[in-house]
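Chemist: Below: sequence and its predicted model.
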Amino acid sequence: AITHRLTEARRGFKLIALSLPFQTSAVLCSGGCVLLATSALLAIVTIFLPSGQCEKRVCTLAGYMQTTAVFIMASGLLVYPFGLNTSIVRKYCGDSSIYHAAECQIGWGYMLGIVGVMLAVFLPFFSKYAPKESLSPTPIPALL
């Protein structure tokens with residue numbers, strides 16, 4: 001894996017400066033995660049709010065925050081492969097380029113990040129369209 005080879009390269013050095021694409025990807029993905037966590041806390045706060053306009057505003061805000069976080073994290077994941085075209089990665093992985101890791105492998109973290117963003121794409125729509133409580137009776141007794 002790329003991280004394993006870079007870890008081997010760090011043994012003789014105190015710090016290897018990561019390239020700009022890797023730094024940008026880390027900042028974007030971290031910022032998206034912080035925004036997503038804040039959105040989750042807002043969603044939890046709505047449990048304690050009385051039903052009405054205030055609850056609707058907080059839910060809408062949480063949904064917009066989730067949508068923004070998804071776009072920020074997706075852009076961070078799109079920037080990450082540009083780091084494969086840097087000199088330090090080529091030194092340890094061979095003839096690598098964008099979207100081609102040569103002798104290295106992209107690890108599971110990147111793949112799970114993609115899956116997480118894909119799953120989070122549809123969740124903001126639930127905050128807008130899913131009601132907290134139902135005004136109509138449940139259809140289950142009608143079926144019995």
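Modeler: Thanks, I have it.
Chemist: Could you tell me how many residues sit around Met65?
Modeler: By other Cβ atoms under 10 Å, 21 other residues sit near Met65. Heads up, the C-betas are built off the backbone N, CA and C, glycines and all.
Chemist: With adjacent residues omitted, what lies nearest to it?
Modeler: With sequence-adjacent residues excluded and distances taken as Cβ to Cβ, 6 or more residues apart in numbering, Met65 is closest to Ser39, at 3.8 Å.
Chemist: which secondary structure elements does the helix or strand encompassing that neighbour contact?
Modeler: Using DSSP states H and E, the element containing Ser39 is helix 20-45. The contact analysis (3 or more Cβ pairs under 8 Å, 6 or more residues apart in numbering; DSSP states H and E) places helix 20-45 against helix 53-79.
Chemist: next helix or strand past the helix it packs on?
Modeler: Where DSSP H and E defines the elements, the next helix or strand beyond helix 53-79 is helix 87-93.
Chemist: What are the buried residues along that next one?
Modeler: Neighbour-count burial for helix 87-93, counted by 16 or more other Cβ atoms under 10 Å, picks out Ile88, Val89, Tyr92, Cys93.
Chemist: of the residues you listed, closest to Met118?
Modeler: Using Cβ to Cβ, the shortest approach to Met118 within these belongs to Val89, at 25.6 Å.
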